[in-house]
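Chemist: Below: sequence and its predicted model.
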Amino acid sequence: MKVVLTKPLSLDAESDAYYKAPNLLNRILSLFKTVRPGSDLTSFQLPPLFNFPKSHLQCYGESVYCIGSDLLSQCNRAESSLDRFISVVAWSISTTRPVVFGVAPYNPILGETHHVSSGSLNVLLEQVSHHPPVSALHATDEKENLEIIWCQSAVPKFYGASAEAVVRGKRQLKLLSRAETYEMNSPKLSIRFLPVPGADWVGNVKIKCPENGLEADLCYGATCFLGLRGNLKSIKGKIYETSTKKTLYEVNGQWDRTVKVKDISNGKVTAIYNAKEVISGLKTVAVKDLEGVWASESTAVWGELSEAILSKDWDKAREAKKIVEEKQRKLLRERESREETWVPKHFTVNFTKDGDWDCSPIQRLVPPAPLVVPF
């Protein structure tokens, strides 16, 4: 089994240097010549030249287990409900990570998993659907008495000079000792090809906790619900009481720099998030127990392809990707011939009334993983 581990996406300038392929913009524009504006790109197959050596599952997982400051513990340890809510807002912002323009992660195969431990936090992800692509995440920390459950599906669409990926689904952070559940969504990814190429997180994020009666509305990027305009990395918003809609704090900053809150009652401004401390200098995951790595593990499923991309051996990369895809098509034909329905191993999956997916972990606790974040 070949397990290939790559640097986490971070603010560090060198972190994405080895993902770059030559003449990307020209290649992207030629790639989309046959794609009509408004098309759903969910089933669009990218050549390996446009992939960077990670699966979407790894990217989702990294935003939870790769972090330079222990924001999760702060969420749980804050004494007042308002301080805990502000800490959760900061943690939610920390899950926003830099995007490498022109390349995309692999689309996870059905049943693909990613299992990593960072200290006492154990994180497990599973691809619970392939068409449409739906990823589930479960993380538990017995020491801090907290649990994270995500179920999300990225729906990419092409608009000619740009593309957009709306991340549907919900994210939950449960502070079990406080009996509080925080629900939040994700911003969407906007990719511009012309006139100036780039990729940024944009849109509205809501964070709410029914138990303490608090909510936050955040706006990523340019103009959104607040009618305010900022730069592409900006975050603007407010924290308020659910029942009265009374604003308690204003939120302002940039997710790649610092974010501050202003107390409306006295005008005091406090920094709650520093990107340099949180998402720079991140450590690459290491193998602790190779025998414990499942065959479905992302870093093993795509090991040959990742190795080829890192060495820029594009012929080998095309062959490696073809082998993975053909194996999946064969397994699908076998299931169809037996009239079998594939069932996730680690989550139960249902549709919600709104047409979204709802994923519930089967196990109460995530076990320690064979892949670990070094201290």
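Modeler: Looks like it came in fine. Numbering: from 1, shown residues only.
Chemist: just the helices in the stretch 201-350 of the chain please.
Modeler: Under the criterion DSSP state H, counting those that start in this stretch, helices of the stretch 201-350 of the chain are mapped to 275-278, 298-301, 303-310, 314-337.
Chemist: which of the ones you listed sits most buried?
Modeler: helix 298-301 (a mean of 25; mean count of other Cβ atoms under 10 Å). C-beta coordinates here come from the backbone N, C-alpha and C atoms, glycine included.
Chemist: who does that helix touch, helix- and strand-wise?
Modeler: With contacts defined as 3 or more Cβ pairs under 8 Å, 6 or more residues apart in numbering; DSSP states H and E, helix 298-301 has these neighbours: strand 51-55, helix 56-65, strand 113-118.
Chemist: Switch the ones you listed over to CSV; also include mean pLDDT.
Modeler: Shown next, in CSV, are the helices and strands packed on helix 298-301 (pLDDT from 0 to 100):
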stretch, mean pLDDT
strand 51-55, 91
helix 56-65, 96
strand 113-118, 98
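Chemist: where does the stretch 151-300 of the chain dip in pLDDT?
Modeler: The stretch 151-300 of the chain contains residues with pLDDT under 70 at 222-230.
Chemist: circling back: minimum distance to His131: which of the helices of the stretch 201-350 of the chain has it?
Modeler: helix 314-337 (10.1 Å; Cβ to Cβ).
Chemist: Please name every helix or strand in contact with the closest one.
Modeler: So helix 314-337, by 3+ Cβ pairs under 8 Å, 6+ apart, packs with helix 303-310.
Chemist: Please verify my assumption that Lys236 contacts Trp255.
Modeler: No - Lys236 is beyond contact range of Trp255, at 11.0 Å (criterion: Cβ atoms under 8 Å).
Chemist: Neighbour count: the two, which is higher?
Modeler: A count of neighbours by other Cβ atoms under 10 Å puts Trp255 above the other of Lys236 and Trp255, at 25 against 21.
Chemist: Mean neighbour count and distance to Glu326 added to the helices and strands packed on helix 298-301, as CSV?
Modeler: Shown next, in CSV, are the helices and strands packed on helix 298-301 (neighbours: other Cβ atoms under 10 Å; distance: least, Cβ to Cβ, whole Å):
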stretch, mean neighbour count, distance to Glu326
strand 51-55, 25, 17
helix 56-65, 24, 20
strand 113-118, 26, 21
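Chemist: Between those, which one is closest to Phe193.
Modeler: strand 51-55 (17.5 Å).
Chemist: List of residues touching the closest one?
Modeler: Strand 51-55 is contacted from outside by 4, 6, 16, 19, 100, 103-108, 112, 114, 298, 301-302, 305-307, 309-310, 317, 321, using Cβ atoms under 8 Å, 6 or more residues apart in numbering.
Chemist: Stretch 73-85 too?
Modeler: Counting by Cβ under 8 Å, 6+ apart, 86-88, 90-91, 144-146, 173, 175, 177-178, 180, 182, 207, 209, 212, 214, 216, 239, 248 sit against stretch 73-85.
Chemist: just the buried members of those residues?
Modeler: Among the contacts of stretch 73-85, those classed as buried by neighbour count (16 or more other Cβ atoms under 10 Å) are 86-88, 90-91, 144, 146, 173, 175, 178, 180, 182, 207, 209, 212, 214, 216, 239, 248.
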